[in-house]
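In: sharing a model that was predicted from the sequence below.
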Amino acid sequence: MQRRSFLKRAGLGAVASGAAISAPAFAQDMPSVSWRLASGFPKALDLRIDTGERFCKYVSEATAGKFNIRHFLEGEVVAAPDVMDAVSTKKVECGHVSSRAYYAKNPVFCFDAAVPFGLNARQMNAWMSEGEGLRLTRELFKPEKIINFPLGNTGAQMGGWFAKEIKRPGDLKDLKMQVGGLAGMVLERMGVAPQQPAPGGLAEAFEKNGLQAVAGAGAYDDEKLGLNKVAKYYYAPGWWAGGEQLSLYVNEEAWNALPKHYQALLEAAAQAAHAAATARYDARNPAALAQLAANGAQIRAFPRSIMDVAFETTQQVYKDLGAKDPRFQAMHDSYMGFRDSEMPWFRLTESAYGQYLGVALSGRI
């Protein structure tokens, strides 16, 4: 059966909580359930869109179509900034979005996605499933009547596209850059003039409105968005997104109305789609970066002096936000405490391994 093929392919004998998806649960009559999922991503970001579609497909396959979730692109039901409210009010039963989109509502939501000098994709997975991440973010979303699940992670991102080279911190002074959220707050303190998305589009903003830079994501997404067409200097690393987690928002009332085996299945399907998303980004970003370079992008690394200023400025931003909001401070302490406990291991093993291979293979690839 299709549902068996999905479970076998995904290796979903049990969900994260440890509750088995038992044969008797699937043997019983399954009720027909129809949901709607509102995506917070434009069509061009096809890997993010595909993650949501895979999740819906897995749920449908495993129930022989009894549990159907219809996927809507950004703007078809609600715009990206309204996904949280739409799920909260049950305008839709679920949504797929990056919680960074709700920085203006409360900066603490960013910890559910990515924050400057934060966790990479694997560390984020560990904090969410083995640390306090899922518990703390569930508490954060509870007043919104939302239950959250990880649903995709882009992995490490690039730092953005610039019309000129950035060689020293002074080069950021008064630089007009399209960037928002916590990254925008940090960069503003470093001298950048953050800009909101221009109604006429990026090309017009660069040509007529004096825009000089735009925050990017990964090479694959940036190529799909055509960011290489507006600026040629492509900087790394994206210190404000060591790995951006995407999230599934589920309306609490809709969740509670599901049979327990449907809840277990939904969680398992989200886990399967979540893992696939990171793998697909890891597989496609290298080729996309090579293609961008072949088309004229000038790949650069942020100078150490800029990274140091960014790191110190970030610490001050966190201190200020924590002083204003105990919830931010509590989330920060758990998240960054987990990061700090992880770093000695990663530095000794993966970082050292990657650095050595980078040098050893530099003349061969």
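Out: Okay, I see it.
In: where are the low-confidence patches of the protein?
Out: The chain contains residues with pLDDT under 70 at 1-29, 199-200, 365.
In: can you give me the strands in it?
Out: In the chain, the segments counted as strands under DSSP state E are 33-39, 67-72, 94-97, 146-153, 160-162, 176-178, 193-195, 213-214, 233-236, 245-251, 298-301.
In: what's the closest non-adjacent residue to residue 169?
Out: In this structure, residue 169 finds its nearest non-sequential neighbour in residue 309, 4.9 Å apart by C-beta to C-beta, 6 or more residues apart in numbering. Placement of C-beta: from N, CA and C, glycine included.
In: the one you found - how many residues pack around it?
Out: By other C-beta atoms under 10 Å, the residues close to residue 309 number 18.
In: distance of it relative to residue 166?
Out: Residue 309 sits 12 Å away from residue 166, going by C-beta to C-beta, to the nearest Å.
In: what is in contact with the two at once?
Out: Taking C-beta atoms under 8 Å, 6 or more residues apart in numbering as the contact rule, residue 309 and residue 166 touch no residue in common.
In: show me what the longest helix along the chain is packed against.
Out: In the chain, taking DSSP state H as the definition, the longest helix is helix 260-294. If contacts are counted by 3 or more C-beta pairs under 8 Å, 6 or more residues apart in numbering; DSSP states H and E, helix 260-294 sits against helix 2-10, helix 23-27, helix 46-62, strand 67-72, strand 146-153, helix 219-225, strand 245-251, strand 298-301.
In: got JSON lines for those, with mean neighbour count and distance to residue 324 too?
Out: Shown next, in JSON lines, are the helices and strands packed on helix 260-294 (neighbours: other C-beta atoms under 10 Å; distance: least, C-beta to C-beta, whole Å):
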{"stretch": "helix 2-10", "mean neighbour count": "15", "distance to residue 324": "43"}
{"stretch": "helix 23-27", "mean neighbour count": "11", "distance to residue 324": "46"}
{"stretch": "helix 46-62", "mean neighbour count": "22", "distance to residue 324": "32"}
{"stretch": "strand 67-72", "mean neighbour count": "18", "distance to residue 324": "36"}
{"stretch": "strand 146-153", "mean neighbour count": "24", "distance to residue 324": "23"}
{"stretch": "helix 219-225", "mean neighbour count": "23", "distance to residue 324": "32"}
{"stretch": "strand 245-251", "mean neighbour count": "27", "distance to residue 324": "24"}
{"stretch": "strand 298-301", "mean neighbour count": "13", "distance to residue 324": "34"}
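In: of all these, which lies closest to residue 336?
Out: strand 245-251 (15.7 Å; C-beta to C-beta).
In: what's the angle from that closest one to strand 33-39?
Out: On the basis of axes from the mean of the first three to the mean of the last three C-alpha atoms, to 10 degrees, strand 245-251 is oriented at 140 degrees to strand 33-39.
In: if we can go back for a sec, please produce TSV containing the strands of the chain, extended by distance to residue 340.
Out: Listed next are the strands of the chain as TSV, based on distance: least, C-beta to C-beta, whole Å:
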stretch	distance to residue 340
strand 33-39	34
strand 67-72	38
strand 94-97	28
strand 146-153	20
strand 160-162	26
strand 176-178	29
strand 193-195	29
strand 213-214	31
strand 233-236	23
strand 245-251	19
strand 298-301	24
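In: quick one, the longest helix of the chain and strand 33-39 angle?
Out: Helix 260-294 runs at 30 degrees relative to strand 33-39, counting by the same axes, to 10 degrees.
In: how far off centre is helix 260-294?
Out: 11 Å (C-alpha atoms, centre = their mean, to the nearest Å).
In: so which bits of it are buried?
Out: For helix 260-294, the neighbour count (16 or more other C-beta atoms under 10 Å) marks 261-278, 280-281, 284-285, 288-289, 292 as buried.
In: and the gap between the closest residue to residue 168 other than its chain neighbours and residue 186?
Out: Distances taken as C-beta to C-beta, 6+ apart put residue 305 closest to residue 168, at 6.0 Å, once the chain neighbours are dropped. Going from residue 305 to residue 186 by C-beta to C-beta gives 15 Å.
In: with residue 84 instead?
Out: The separation that residue 84 has from residue 186, given C-beta to C-beta, amounts to 23 Å.
In: between the two, tell me which one has more neighbours.
Out: Higher neighbour count among residue 84 and residue 186: residue 186, with 27 against 24, using other C-beta under 10 Å.
In: for the more buried one, what are its contacts?
Out: Shown in contact with residue 186 (C-beta under 8 Å, 6+ apart): 116, 240, 310, 313, 314, 317.
In: tell me, how many neighbours does the residue nearest to residue 168 end up with?
Out: Around residue 305 there are 12 other residues, counting by other C-beta under 10 Å.
In: state the distance from it to residue 193.
Out: Taking C-beta to C-beta, one finds residue 305 at 20 Å from residue 193.
In: so what's residue 235 closest to, chain neighbours aside?
Out: Computed as C-beta to C-beta, 6+ apart, the closest residue to residue 235 that is not its neighbour in sequence is residue 159, at 4.1 Å.
In: ok, the one you found touching residue 238?
Out: Yes: taking C-beta atoms under 8 Å as the definition, residue 159 is a contact partner of residue 238 at 4.7 Å.
In: what touches both of the two?
Out: Common neighbours of residue 159 and residue 238 (C-beta under 8 Å, 6+ apart) are 215, 216.
In: most neighbours among the contacts of residue 186, which one?
Out: Neighbour counts for the contacts of residue 186 (other C-beta under 10 Å) peak at residue 240, which has 27 neighbours.
In: show me the contacts for that residue.
Out: For residue 240, the contacting residues are 114, 115, 116, 117, 159, 181, 182, 183, 186, 215, by C-beta under 8 Å, 6+ apart.
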